[in-house]
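Novice: just coords:
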């Protein structure tokens, strides 16, 4: 038996170190190998150990289990122990997998188990279906094919929830991919090509039989021409409100970074302060220093848990696009608002302009505070004890950002649901056709391993090539062709966002909803006759079914109306124009600015401004003023999201200085306890004075004294009028009795415990409380 090569090499190194015998690089491989072509039981004469050497070896073997210090190359160290405590078998197979991949695999496993249970009822004599995992190991191609067909018929999912169903052939292909992964997980083997091709033949039949859509989804791109007015709509609209103005700035910044960095939604939402590097760069043309933002997001797609991080450098462009789209104005505003810089005196962009680069240097780093390195740029905002609070260490969820993009897209008048991946469609296409970016660099920007990925999954399917002019030998009309393929082509602000009362009434006669109501009526009648307690869960489930069916039908009707709007409205417009009865287009509501918060109005005016001179200082001042407006607006409370549909327009009542318990023109607000009505806010402050006089003079006020005295809340919340005094009581018990410390904002008095606060509320402010202390002898315990 011969020694292995590695053993020989190690032996060579040991002999060389002990005896000073080496094999020079000029010697041939045969000469070096011939020295060690010996059996393991043989030894060279030089290797015969003397008794003294043998004793040392024995001593060494005797003590090798003890911690020993070795001295080699002048270093003193201990060999580590194998005490990691984790074996390979203990590491889950889905370790570090993407969340979506794990969810899809778990879903296919659950469906396979459900399929086995259904097969057990259908074929009780077949033993293999009793063990789902064993059934998959021995499953035939026909079993796999029939399982995929069974998935197409599924109507209910987890917890009995109704499934949307499979309507795309790509979805069926995804199920087949996940099933193959589940099979490989159990058997440690892949499905061979022959079996796979046979199952695919059955899948083609299923696609044809069930009429699945074989075309990919529309890849409508968005360009800078779309996002600039889109951000302007986000800043100025009052149809969507937030808890804080900071959230409105976040959406604008997300759109800006998505357009200029072509990053995925997850990568942008995972951005933290530690992923940023701010610096002033020396202008190679000899101009003033240029502010530079560098982004290195870590939340990108990974393979085997690894990815190559790319850094995007975004230098400030003077006289660039609108400030509403400028990432420097928005991001610097957020950083200054968070006081994120390590130098505490650096609080504005105007101060940043005064900094200079030292002689002999090419840049000046502007370090961020290390203690705030884990803060998220797109962080979450929550209401904590009635006060909107920015949770800096918690990232905004993907669903929250997606929902806001869809809402603002509808307000803008866009067709369909706007989503973040459309940035990659448009910007990726622009970069690909620019001529300034190589194919390899384009793959690095898009995070693609193959250039085919962009063509298959990102390139818009509606071509913007002006073939007629090109074939005729003319210059193509690039602007027109780009305009007819982008998102704003289908913009129409008349597109309805809500259903009318007549449209909602149509759903009540829908056969599916009527069937759900009949089933509920039968179960209720059966319970009235038998009084069986086992029927109560079924009644609750069917009540939920009726409610969910109504919501689903309303969503489907709304979607259908929005999809058909373009054609139907075009027909009406043409008829009106041909008949000469067309009405002039309505001008934009000029009274919108009257209802804006003063700081929001200043924000809109600052970010929607245009350069008024060629002076560089004037342009700097304009940009610095925009960043300062962002900082000031971040803390502005907007009153929270509007609930429900907007109220129907009514004639405005005459202005009055006295508060009204149930005002005519009101906005709905939810405080988590009960619905209330809010007095409209005006600039002259009359509602505040009127509400204060009302609270002081009413025997049982229907406004909350604690909310009114909290100046951090928006005026609309401070002046809200509840339905009656009982609603004020429920609001006071649920919100203000749980605050810490217990302090009366009106009287500026701190109370020791809840019972003292209750007594103070009834004696001083005539607000009763229904909360009862469990131990009156020890009220401070509760």
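Specialist: Sure, I can see it. Remember, it's a predicted structure, so these values are computed and weren't measured experimentally. Numbering: from 1, shown residues only.

Novice: Helix or strand for residue 570, just tell me which one.
Specialist: Per DSSP states H and E, residue 570 falls inside helix 535-579.

Novice: Mind giving me the packing neighbours of that helix?
Specialist: Counting contacts by 3 or more Cβ pairs under 8 Å, 6 or more residues apart in numbering; DSSP states H and E, helix 535-579 is packed against helix 501-507, helix 511-530. Where you see a C-beta, it was placed from the backbone N, CA and C, and this is true even at glycine.

Novice: which stretch among those comes nearest residue 184?
Specialist: Proximity to residue 184, assessed across the helices and strands packed on helix 535-579 by Cβ to Cβ, is greatest for helix 511-530 (40.4 Å).

Novice: if we look at that closest one, which residues are touching it?
Specialist: The contact list for helix 511-530, computed with Cβ atoms under 8 Å, 6 or more residues apart in numbering, reads 507, 532, 535-536, 538-539, 542-543, 545-546, 549-550, 553.

Novice: now residue 292, what's its secondary structure?
Specialist: Following DSSP: H, G, I helix; E, B strand; the rest coil, we place residue 292 in the strand state.

Novice: Pretty sure residue 311 is one of the things it touches, is it not?
Specialist: No. In this structure, residue 292 is not within contact of residue 311 by Cβ atoms under 8 Å, at 11.0 Å.

Novice: Show me which of the two is the more surrounded one.
Specialist: For residue 292 versus residue 311, the count of surrounding residues by other Cβ atoms under 10 Å is larger for residue 292: 18 against 10.

Novice: tell me the pLDDT at that one?
Specialist: For residue 292, the model assigns a pLDDT of 94.

Novice: returning to what we had before: any idea which of the helices and strands packed on helix 535-579 gets closest to residue 418?
Specialist: Closest of these to residue 418 is helix 501-507, at 23.5 Å (criterion: Cβ to Cβ).

Novice: one step back: generate a PyMOL selection restricted to the buried entries among the contacts of helix 511-530.
Specialist: Only the buried entries of those go into this PyMOL selection, using 16 or more other Cβ atoms under 10 Å:
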select buried, resi 507+535+538+542+545+549+550+553
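
Novice: For the contacts of helix 511-530, which two are the farthest from each other?
Specialist: Taking Cβ to Cβ, the two most distant members of the contacts of helix 511-530 are 507 and 532; they sit 32.1 Å apart.

Novice: follow-up on the earlier one: quick one, which of the helices and strands packed on helix 535-579 is nearest to residue 709?
Specialist: It is, among the helices and strands packed on helix 535-579 and with distance given as Cβ to Cβ, helix 501-507, at 39.8 Å.

Novice: same for the strand or helix carrying residue 626, what does it pack against?
Specialist: Using DSSP H and E, residue 626 sits in helix 616-633. Here helix 616-633 touches helix 245-261, helix 327-337, helix 349-353, helix 598-607, going by 3+ Cβ pairs under 8 Å, 6+ apart.

Novice: Would you convert those into TSV that also reports mean neighbour count, mean pLDDT and distance to residue 91?
Specialist: Output for the helices and strands packed on helix 616-633, formatted as TSV (neighbours: other Cβ atoms under 10 Å; pLDDT from 0 to 100; distance: least, Cβ to Cβ, whole Å):
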stretch	mean neighbour count	mean pLDDT	distance to residue 91
helix 245-261	24	95	34
helix 327-337	24	95	39
helix 349-353	18	93	48
helix 598-607	19	92	50
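
Novice: For residue 379, see how far away the residue positioned nearest the centre of the chain is.
Specialist: Per Cα atoms, centre = their mean, the C-alpha nearest to the average position across the chain is that of residue 398, at 1.7 Å. Distance, residue 398 to residue 379, using Cβ to Cβ, to the nearest Å: 14 Å.

Novice: Would you map out the domains in the chain?
Specialist: 1-54, 93-210, 224-450, 501-578, 667-781 (automatic domain parsing).

Novice: tell me the mean pLDDT over the shortest one?
Specialist: Model confidence over domain 1-54 averages 43 on the pLDDT scale.

Novice: do stretch 738-747 as well
Specialist: Stretch 738-747 comes out at a mean pLDDT of 85.

Novice: Return the set of buried residues in it.
Specialist: 742, 743, 744, 745, 746.

Novice: picking that back up, wait, which of the helices and strands packed on helix 535-579 is closest to residue 244?
Specialist: So among the helices and strands packed on helix 535-579, helix 501-507 is nearest, using Cβ to Cβ, at 32.9 Å.

Novice: for the closest one, the distance to its chain's centre please.
Specialist: Taking Cα atoms, centre = their mean, to the nearest Å, one finds the center of helix 501-507 at 34 Å from the center of the full chain.

Novice: where are the low-confidence patches of this protein?
Specialist: Counting by pLDDT under 70, the chain shows low-confidence ranges at 1-76, 299-307, 583-594, 643-686, 771-782.

Novice: all strands of it, in order?
Specialist: Secondary structure of the chain, counting by DSSP state E: strands at 69-72, 75-78, 276-281, 290-295, 312-315, 363-366, 379-384, 387-395, 667-670, 675-678, 743-744, 749-750.

Novice: which stretch among those strands comes nearest residue 178?
Specialist: Minimum separation from residue 178 across those (Cβ to Cβ) falls at strand 387-395, 27.2 Å.

Novice: Contacts made by that closest one with the rest, please.
Specialist: Strand 387-395 is contacted by residues 243-244, 246, 269-270, 338, 372, 374-376, 378-383, 637, 640, 710, 712-713 when judged by Cβ under 8 Å, 6+ apart.

Novice: Can you give the strand pairings for it, parallel or anti for each?
Specialist: strand 379-384 (antiparallel) (DSSP bridges).

Novice: Return the set of buried residues in the strand it pairs with.
Specialist: Neighbour-count burial for strand 379-384 [16+ other Cβ under 10 Å]: 379, 380, 381.

Novice: what does stretch 463-472 give?
Specialist: Per 16+ other Cβ under 10 Å, stretch 463-472 contains these buried residues: 464, 466.

Novice: Check the offset of that stretch from the chain's centre.
Specialist: On Cα atoms, centre = their mean, the centre of stretch 463-472 falls 39 Å from the chain's centre.

Novice: So for that stretch, first residue to last residue, what's the gap.
Specialist: Using Cα to Cα, to the nearest Å, the end-to-end distance of stretch 463-472 comes to 18 Å.
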